[in-house]
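Novice: curious how this folds, go ahead:
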Amino acid sequence: MNGHKDDFINRISELRKQHGYSQVSLGKAINRAQNTICNWENGNREPDIESLILLSSLFGVSIDYLLGKTNTTPSINTEISNSKIFSENLKKLRQSKGVYQKDIANWLKIDRTTYVKYERGQSTPDYNILLKLADYFSVSVDYLLGHSDSQVLNTRNETDKRLESIIENYQKLNDAGKDDLAKHAEHLTYIPEYKKGDSTTSEKSKIG
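Specialist: Below is the predicted model of the structure:
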């Protein structure tokens, strides 16, 4: 969690300055005290869900970007979500995963009654629990909060960096080049040593 916390600290400060806000003016824009903004940027306090949604809407970035779970800033739904949307999404995800409320509560290390309140819309989780829930269901925080219709999260791993590089190069090509790249990519999927699950075959070929 410390990594995500550091990311939030850096991004809230960077976004505030990029948009020309002082801590005082940002606080006024989202109806928060200046010392609250200061505490966020110093890492002394963590934002609640409502504050995350307000910041996301104000800066035009995803909540996942704010929390450091992605480097991309996709288009988002700027309409402020509510606890009902969160509870409905949470329940739907749990049911689709085929697990019980107690299972998730145990994984989160919280009381089952606390988790039940999340699904009933009687309570919302804090910053850390929200991140854990997103990781547990492998969805974006924005989707959980009803801030995006897409469940997919562009995580910051090496695979995504390679994909971003491919997309960047693809966009530099003309139509003929794009067609050729697509054909080459498809051709690679027919080569055993490059296919997922064929690492053993690949290793054998190297030894041979």
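Novice: can you list contacts of the helix or strand where residue 13 lies?
Specialist: Under the criterion of DSSP states H and E, residue 13 resides in helix 2-18. Here helix 2-18 makes contact (C-beta atoms under 8 Å, 6 or more residues apart in numbering) with 22-23, 26, 37, 40-43, 46-47, 55, 59, 61, 65-69, 131. Yep, even glycine has a C-beta here, placed from its N, CA and C like the rest.
Novice: now those residues: which count as buried?
Specialist: Among those, those classed as buried by 16 or more other C-beta atoms under 10 Å are 23, 26, 37, 40-41, 46-47, 55, 59, 61, 65-69, 131.
Novice: so where is this structure shaky, pLDDT-wise?
Specialist: 1-4, 72-83, 149-161, 164, 196-208 (pLDDT under 70).
Novice: just the contacts of helix 2-18: which are in helices?
Specialist: The helices, defined by DSSP state H, take in 23, 26, 37, 40, 41, 42, 55, 59, 65, 66, 131 from these.
Novice: how about JSON lines for the residues you listed, with distance to residue 96 added?
Specialist: Converted to JSON lines, the ones in helices among the contacts of helix 2-18 look like this (distance: C-beta to C-beta, whole Å):
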{"residue": "23", "distance to residue 96": "41"}
{"residue": "26", "distance to residue 96": "38"}
{"residue": "37", "distance to residue 96": "38"}
{"residue": "40", "distance to residue 96": "34"}
{"residue": "41", "distance to residue 96": "37"}
{"residue": "42", "distance to residue 96": "39"}
{"residue": "55", "distance to residue 96": "29"}
{"residue": "59", "distance to residue 96": "31"}
{"residue": "65", "distance to residue 96": "25"}
{"residue": "66", "distance to residue 96": "26"}
{"residue": "131", "distance to residue 96": "20"}
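Novice: nearest to residue 98, of these?
Specialist: Proximity of these to residue 98 (C-beta to C-beta) peaks at residue 131, which lies at 22.6 Å.
Novice: thinking again about what came up before, out of the buried ones among the contacts of helix 2-18, who's nearest residue 89?
Specialist: Nearest to residue 89 among those, counting by C-beta to C-beta, is residue 131 at 15.3 Å.
Novice: any idea how far residue 62 lies from residue 120?
Specialist: According to C-beta to C-beta, to the nearest Å, residue 62 stands 26 Å off from residue 120.
Novice: these two: which has the busier surroundings?
Specialist: A side-by-side neighbour count of residue 62 and residue 120, using other C-beta atoms under 10 Å, places residue 62 first with 26 against 13.
Novice: would you check that that one makes contact with residue 142?
Specialist: Yes. The pair residue 62 / residue 142 is scored as a contact, 5.0 Å apart, by C-beta atoms under 8 Å.
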